[in-house]
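**Student:** Here is a sequence with its predicted model. Questions after.
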Amino acid sequence: MKTEAKKKLFLVDDDAVFLKLLAHEFLELDEFIIETFSTGEQLLAHLSEDPDAIILDYHLDGIETQAMNGIKILDEIKASKPSIPVVMLSSQDKIEVAVECMHHKAFDYVIKSETAFIRIRQILASAFQIQKMEKQLGWYMDRM
């Protein structure tokens with residue numbers, strides 16, 4: 001029986017407690033290789049490592065007030081690696097924020113809450129399923 005390789009997941013949040021909690025939850029699943037970053041600039045420096053998905057905080061100025069915000073980081077990711085699904089996280093429950101994230105090509109938007117981890121897991125499962133279907137479709141299209 002073929003076992004799937006672990007997916008590489010990058011987590012980016014300036015809230016150290018939330019970042020540690022999220023990393024711990026994903027490590028418990030034993031399905032992911034996790035790398036964490038407290039700024040978007042740190043993430044961009046490691047983007048060449050080709051993560052399978054990225055969880056990115058909308059506000060990233062809690063540690064460094066001059067840090068790039070999540071939308072700018074999202075734009076940088078999509079400019080160089082457009083196929084990587086990026087799930088945006090925010091404590092803001094505003095439709096305008098969600099729409100802005102989706103307009104900038106986020107795969108989805110999740111509000112930080114006690115159920116955020118469950119929602120993110122579901123979103124990642126969907127993202128990976130879509131990638132698999134796109135790969136299969138590409139394989140079939142190449143043969144036509």
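**Tutor:** Perfect, thanks for sending it.
**Student:** okay, now the residue lying closest to D61 once chain neighbours are set aside: neighbour count?
**Tutor:** Closest residue to D61 in three dimensions, ignoring its sequence neighbours and counting by C-beta to C-beta, 6 or more residues apart in numbering: A67, at 5.1 Å. Where C-beta positions appear, they are placed from N, C-alpha and C, glycine not excepted. Counted with other C-beta atoms under 10 Å, the neighbours of A67 add up to 19.
**Student:** And for D15?
**Tutor:** Quick note: D15 (other C-beta under 10 Å) scores 18 neighbours.
**Student:** Kindly report the same for K94.
**Tutor:** Count around K94 with other C-beta under 10 Å applied: 10.
**Student:** My reading is that I33 lies in a helix. Confirm?
**Tutor:** No: secondary structure of I33 (DSSP: H, G, I helix; E, B strand; the rest coil): strand, not part of a helix.
**Student:** Surely it and K6 touch.
**Tutor:** Yes: look at I33 against K6 with C-beta atoms under 8 Å: they come within range, at 5.0 Å.
**Student:** any shared contact partners between those two?
**Tutor:** With contacts defined as C-beta atoms under 8 Å, 6 or more residues apart in numbering, no residue is shared by I33 and K6.
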